[in-house]
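>>> The sequence isn't on hand, but the structure is:
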DNA sequence: AGAAAACAAGAGCATCGCTCTCGTTTGTTG
DNA sequence: CAACAAACGAGAGCGATGCTCTTGTTTTCT
């Protein structure tokens, strides 16, 4: 797996990183749509055609940025969860993760848009992006699973008919022991609420509707925690 | 307000419509990013520079498509709400509107992405788009307001501290009579859940996680209705 | 040492948004 | 009705993009 220590391989790894870093800066500054391969080459003092030795296309570069983003977000969320001392305080863990995602999105709005906004390349997200994307969702599910193992039941949850249980079966059985169907539905709903709220906020849909985004986000996160049945 | 009946004004109105329609078709086919002014001109057998007599820029064209989209979506949602015979069946009205938005989004994914995905032009959505955007959110709020007027209380709702009440004050007082702070928070949460779910589904984040989108969406909509306290 | 692979650079293609100029058509006004 | 002004359409052109192809050089492997 590890690269040979030839000078060429080292140079390649360095240049690949340099390109990716520069692309990251461009992403943060001008957004995904305005990311330019030629500009990266210019800032690196190389011919634009040379960049294509490292990334076969602009979309491949964006894909790499997406993967990097999922990893960064997932890592930060996991760290925030781990930082909660009382592992049985599932509400605190949920809050920590939710606010971490929120903060991360506000710090890097363009990157968030790249991950959770409209897919900018052709259409289907490349396969490479789905695995790293499962990291945060897996983390949210793990917290909910832990809570359920501790005897927590979601509040005010509707009965889940067999057809719905079948529909969400992959998510329910993602972890072992599996999560109950009711909790799975609540968790998926919480997931949609979390990212829906952040997207609406970041993309300007709450403009002049909500005055203090942070206060309201905290309230929604607490409300969702209550619906999940967390302490 | 209405245009003079000169031949030129009529021709202008027709060409403006033709450009907008063609842009709409391109949007549906190749998405917002690949929408090309030159291609529109080509399909209209005119010089690309002539199109700029009707829309000052590509972004202006996209803005017009956004406004059109909000209007179409808002109109359909209002029609779906009005089609519910029993005006006091607020759960049925919420379901009708939610499923209408869902269907609309699946029929025109690129248009939905244009409205609720990452903003593709510079950054801030032009002022022209905010008024038509309030149509669906206003409709959702109206249903909830009607329910509350009929004595409905949201289920399992957290107390709303004054600071949060102040934060959501514009939304709460948007309609008269005003909606309670608790119901306002629940409504905003429902809003985020609805569009969050649709965005996650359309943008591929539920791939291999949920097997039947329609079944699961219906379950979530019912769950949200229950949380709102609707029948 | 020689063959093979990786590399960097440059020219070039097709496309894009947008601007400017230049005739032509239409509408308005004296 | 004639003259002027405004709107219009077409074309050329600018700067920029993603990407490909060729050509010559450097590094690696056999």
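Sure thing, it's come through. Keep in mind that what you see is a predicted model, and the values were worked out from it rather than measured.
>>> Tell me how far residue A:177 lies from residue A:197.
30 Å (Cβ to Cβ, to the nearest Å). Any C-beta I mention is one placed from the backbone N, CA and C, and that applies to glycine too.
>>> same question, residue A:136
From residue A:136 to residue A:197 the distance is 15 Å (Cβ to Cβ).
>>> picking up where we left off before, so which of residue A:177 and residue A:197 has more stuff around it?
The neighbour comparison of residue A:177 against residue A:197 (other Cβ atoms under 10 Å in any protein chain shown) goes to residue A:197, with 27 against 9.
>>> what helices or strands is the helix or strand hosting residue A:64 leaning on?
Per DSSP states H and E, residue A:64 falls inside helix A:58-82. Identification of packing neighbours for helix A:58-82 by 3 or more Cβ pairs under 8 Å, 6 or more residues apart in numbering or on different chains; DSSP states H and E yields helix A:7-30, helix A:90-107, helix A:109-116, helix A:127-149.
>>> low-confidence ranges in chain A?
Of all residues in chain A, those with pLDDT under 70 make up the ranges A:1-4, A:120-126.
>>> near DNA strand D, which residues of it?
A:4, A:6-9, A:35-39, A:48-49, A:52, A:56-59 (Cβ under 7 Å from any atom of the strand).
>>> now do 6 Å
For chain A, the residues in contact with DNA strand D (Cβ under 6 Å from any atom of the strand) are A:4, A:6-8, A:36-39, A:48-49, A:52, A:57-59.
>>> Report the buried members of these.
A:37, A:58 (16 or more other Cβ atoms under 10 Å in any protein chain shown).
>>> now, which of the residues of chain A next to DNA strand D lie close to DNA strand C?
Within the residues of chain A next to DNA strand D, those near DNA strand C by Cβ under 6 Å from any atom of the strand are A:8, A:49.
>>> how far does stretch A:200-213 stretch from start to finish?
Taking Cα to Cα, to the nearest Å, stretch A:200-213 runs 11 Å from one end to the other.
>>> Most proximal residue of chain A with respect to DNA strand C?
residue A:49 (2.8 Å; Cβ to the nearest atom of the strand).
>>> what does chain A put close to DNA strand C?
Residues of chain A lying near DNA strand C (Cβ under 6 Å from any atom of the strand): A:8, A:12, A:15, A:46-47, A:49-50, A:53.
>>> Between the residues you listed, which sits nearest chain B?
residue A:49 (23.6 Å; Cβ to the nearest Cβ).
>>> The helix or strand residue A:191 falls within vs helix A:127-149, what angle?
Using DSSP H and E, residue A:191 falls within helix A:181-202. Interaxial angle, helix A:181-202 versus helix A:127-149 (axes from the mean of the first three to the mean of the last three Cα atoms, to 10 degrees): 130 degrees.
>>> Quick check: next helix or strand after helix A:181-202?
By DSSP H and E, the next helix or strand past helix A:181-202 is helix A:213-228.
>>> From the chain's centre, how far out is that following helix? Work that out for me.
19 Å (Cα atoms, centre = their mean, to the nearest Å).
>>> In that helix, which of the residues would be classed as buried?
Buried, per 16+ other Cβ under 10 Å, within helix A:213-228: A:213, A:215-228.
>>> Next, find the distance separating the closest residue to chain B within chain A from residue B:228.
The nearest approach of chain A to chain B comes at residue A:196, 1.8 Å away (Cβ to the nearest Cβ). For residue A:196, the distance to residue B:228 equals 16 Å [Cβ to Cβ].
>>> thinking again about what came up before, tell me the most buried of the helices and strands packed on helix A:58-82?
helix A:109-116 (a mean of 24; mean count of other Cβ atoms under 10 Å in any protein chain shown).
>>> Can you name the residues in contact with that helix?
A:27-28, A:30-32, A:62, A:65-66, A:69-70, A:73, A:104-105, A:120, A:133, A:195, A:198-199, A:202-203, B:117-119, B:199-200, B:203, B:205 (Cβ atoms under 8 Å, 6 or more residues apart in numbering or on different chains).
>>> quick one: it to helix A:127-149, angle?
Using the same axes, to 10 degrees: helix A:109-116 against helix A:127-149 is 90 degrees.
>>> Report the angle between helix A:109-116 and helix A:58-82.
100 degrees.
>>> what about helix A:109-116, distance to the chain center?
9 Å.
>>> cool, stretch A:79-99 as well?
17 Å.
>>> Endpoints of it, how far apart?
12 Å.
>>> Stretch A:32-40 too?
13 Å.
>>> quick one: contacts of it?
Under Cβ under 8 Å, 6+ apart, the answer for stretch A:32-40 is A:19, A:22-23, A:26-27, A:48, A:51-52, A:55, A:58, A:61-62, A:65, A:110, A:113-114, A:120, B:33, B:118, B:120.
>>> picking that back up, mind listing what the residue of chain A closest to DNA strand C touches?
Contacts of residue A:49 (Cβ under 8 Å, 6+ apart): none.
>>> any idea which helix or strand carries it?
Short version, using DSSP H and E: residue A:49 is in helix A:48-51.
>>> picking that back up, number of nearby residues for the residue of chain A closest to chain B?
27.
>>> My understanding was that it contacts residue B:196; is that so?
Yes. Counting by Cβ atoms under 8 Å, residue B:196 is a contact partner of residue A:196 at 1.8 Å.
>>> Find the residue closest to residue A:177 in space, skipping its chain neighbours.
In this structure, residue A:177 finds its nearest non-sequential neighbour in residue A:149, 7.0 Å apart by Cβ to Cβ, 6 or more residues apart in numbering or on different chains.
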